[in-house]
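Q: Model the structure of this input:
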Amino acid sequence: MTELTLILGNKNYSSWSLRPWLLMKHFQIPFAEIRVPLYSDSSLAKLKKLSPSGKVPALIAGDFIVWDSLAICEYIADQYPQFECWPKDPRSRATARSMSAEMHSGFQDLRSYFPMNIRKRVPWDGAPEAVMRDIERITELWQCCIDCPKSDGPWLFGKFGIVDAMFAPVVWRFVTYNVPVDETCKQYMDNMLALPEMQEWVDAACAETEVIMESEKMPGVVA
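A: As a prediction, this is how the structure comes out:
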């Protein structure tokens, strides 16, 4: 199998980097890491040498590069079919893909208002209507999946897969900003936070010294 190298941003802030990293770690797929701190004077130049988009994440597989979080996860699913990164059932698989795509392209109001910041804790003080709509949609998706009977695990479609990795940064946003959720969603979040690989990511995030001021502002504050 081709040696893999994952190009990452700051683990405290980079929600996109977390997704493929978590998937690969969960299935114990060997890979090297190159971490490029974001928003420094040299970031773009460094990233341009590693990724055609100049952004993170990117996966280097020999002489081949994949430069989008969901595309990386899809590539891993194709290269390691034994892990069943997508559900086997065609309808469940289509739903999981739809949810992943919605997470990938949507929820812009939530992303902007609540940037990922693992080290930070902010008391819940409400959120604008557009952000609340995003929160309600996400919890609705989780509840619909979790409420469906399944026998192969506690994740959205039973077994841990790409769809869970795609929503992992949302779990951190909800934790950081103390977003209120019902017990069903809280249990799902607790399961995610208890993963050893999530704890490994947290330890690395807390050990970082870089500070990105845009992600340190209180919600809704405009510079």
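Q: by contact count, what packs against the strand or helix carrying Ala96?
A: Secondary-structure element containing Ala96, defined by DSSP states H and E: helix 90-105. Helix 90-105 is packed against helix 69-79, helix 129-146, helix 162-176, with contacts defined by 3 or more C-beta pairs under 8 Å, 6 or more residues apart in numbering; DSSP states H and E. All C-beta atoms are positioned from the backbone trio N, CA, C, and that covers glycine.
Q: Which helix or strand lies directly C-terminal to that helix?
A: Later in the chain than helix 90-105, the nearest helix or strand by DSSP H and E is helix 108-113.
Q: In that next one, which residues are buried?
A: Buried residues in helix 108-113, defined by neighbour count with 16 or more other C-beta atoms under 10 Å: Asp109, Leu110, Arg111, Tyr113.
Q: and the third one, what does it touch?
A: Which is Arg111. By C-beta atoms under 8 Å, 6 or more residues apart in numbering, Arg111 lies in contact with Ser15.
Q: now do 10 Å
A: Shown in contact with Arg111 (C-beta atoms under 10 Å, 6 or more residues apart in numbering): Ser15, Val131, Asp134, Pro169, Val170, Arg173.
Q: rewinding a little: out of the helices and strands packed on helix 90-105, which is the most enclosed?
A: Burial of those is given as mean neighbour count (mean count of other C-beta atoms under 10 Å); helix 162-176 ranks first at a mean of 23.
Q: can you give me phi and psi for Arg35?
A: In terms of degrees, to the nearest 10, the main-chain angles of Arg35 are phi -100, psi 130.
Q: wait, Gly158
A: phi 90, psi -80.
Q: what separates it from Ala165, distance-wise?
A: Going from Gly158 to Ala165 by C-beta to C-beta, to the nearest Å gives 15 Å.
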